[in-house]
Every structure is written in C-alpha cells, then in structure tokens.
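[1] here's my sequence, what's the structure:
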Amino acid sequence: MVGESVNEDEQPTIIEIFEQQCPYYMAMGMTAQEFWEGDPHLVVYYRKAHELKLEVLNDLEWRMGFYNYTAFNVVLANAFRKKGTKPIDYLEKPLPIREPTEAEKKAEQQRKTEAFIANLERKKHLREVMKEQKDARSD
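    Residues are numbered from 1 along each chain as shown. Next up is the predicted model:
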C-alpha cells in the first residue's frame, strides 16, 4: 500500500471506509473496541445521541444569545431613554424550558392575582395613613 499509486477511479475498500469513520465515532465517545468489535447498531445509537447533544447545545447557545441580546437591549434602551420614562427591566426569570402545565398556569395566575390584591391593599393603607397625617396636621 505505501508507495503504491492509487487510481482515482478506484472506490475505497470497506476497511478504508471503516478506518476513516473510526475517529469520527471515537470523537462521539465510542471506544475503538465498541467500534471494531461491538454491535454494529451501536454506531447508529452513538450518531443519534450525538445529534441530540448537538440539538441541546444549539438550543443552549440560542438561549445564551437571546439573553445577551436582551441584556444589551435593556442597557441601551435605558441609556438612551427620554427623561420621565420608566426604565426597562431585564427578564424577571429564565425562559421556560417547556410549556407550563395547566396546574402551573393556574398557580401562576393565582400568585399574580394575590400580588395585585396585596398591592391594592397596600396602596389603600398608604392613602389612609397619608390622610390621617394630613388631618392631624390641619388640627
């Protein structure tokens, strides 16, 4: 083989194909023993697992990009906002990994409702205190 000229029209042998593919699968975590001596279906499983890992990595990178984009957007929007306008806040919580269940949606809505009512009661109490203080000053 060494020193022999290879005709470009010749197809690679099956051994050459396997030798070319072995490092690819080893990079995925497959051992040489599994590749050469194991179940031939293992390469399919390793390849599918590798594709799933790449999808997860792609999702993570997209999320990181979105978080960075949002952070820069908030900083720039706040830096150049007009006087008197309310500053923009960064995300309060991470993006959801999955869609919330109905029970989770109801619990979140209940939490928001309770927070809204508590805020109204706090404002009402503050108005009463301020009115009492104003009345006390006028006496």
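[2] which residue ranges of this protein form helices?
    With DSSP state H applied, the chain shows helices at 14-27, 32-37, 42-79, 102-138, listed in chain order.
[3] pull the helix or strand with minimum mean pLDDT from this structure.
    The weakest-scoring helix or strand in the chain, judged by mean pLDDT, DSSP states H and E, is helix 102-138 (a mean of 91).
[4] and that one, what does it pack against?
    Applying 3 or more Cβ pairs under 8 Å, 6 or more residues apart in numbering; DSSP states H and E, we find helix 102-138 packed against no helix or strand. Every C-beta, even on glycine, is put in place using the N, C-alpha and C of the backbone.
[5] and that helix, how far out from the chain middle?
    35 Å (Cα atoms, centre = their mean, to the nearest Å).
[6] would TSV of the helices of the chain with mean neighbour count and distance to Thr85 be doable?
    TSV is the format used below for the helices of the chain (neighbours: other Cβ atoms under 10 Å; distance: least, Cβ to Cβ, whole Å):
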stretch	mean neighbour count	distance to Thr85
helix 14-27	12	52
helix 32-37	12	61
helix 42-79	12	9
helix 102-138	10	22
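[7] tabulate the ones you listed in a markdown table, adding columns for distance to Tyr90.
    Shown next, in a markdown table, are the helices of the chain (distance: least, Cβ to Cβ, whole Å):
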| stretch | distance to Tyr90 |
| --- | --- |
| helix 14-27 | 38 |
| helix 32-37 | 46 |
| helix 42-79 | 5 |
| helix 102-138 | 19 |
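[8] and the end-to-end length of stretch 86-106?
    30 Å (Cα to Cα, to the nearest Å).
[9] can you list the low-confidence ranges for this protein?
    Within the chain, the ranges that satisfy pLDDT under 70 run 1-8, 139.
[10] show me how the record splits it into domains.
    Here the domain parsing of the chain from automatic domain parsing is 11-93, 101-139.
[11] ok, the residue lying closest to Gly29 once chain neighbours are set aside to Thr13 distance?
    In this structure, Gly29 finds its nearest non-sequential neighbour in Tyr46, 6.9 Å apart by Cβ to Cβ, 6 or more residues apart in numbering. According to Cβ to Cβ, to the nearest Å, Tyr46 stands 23 Å off from Thr13.
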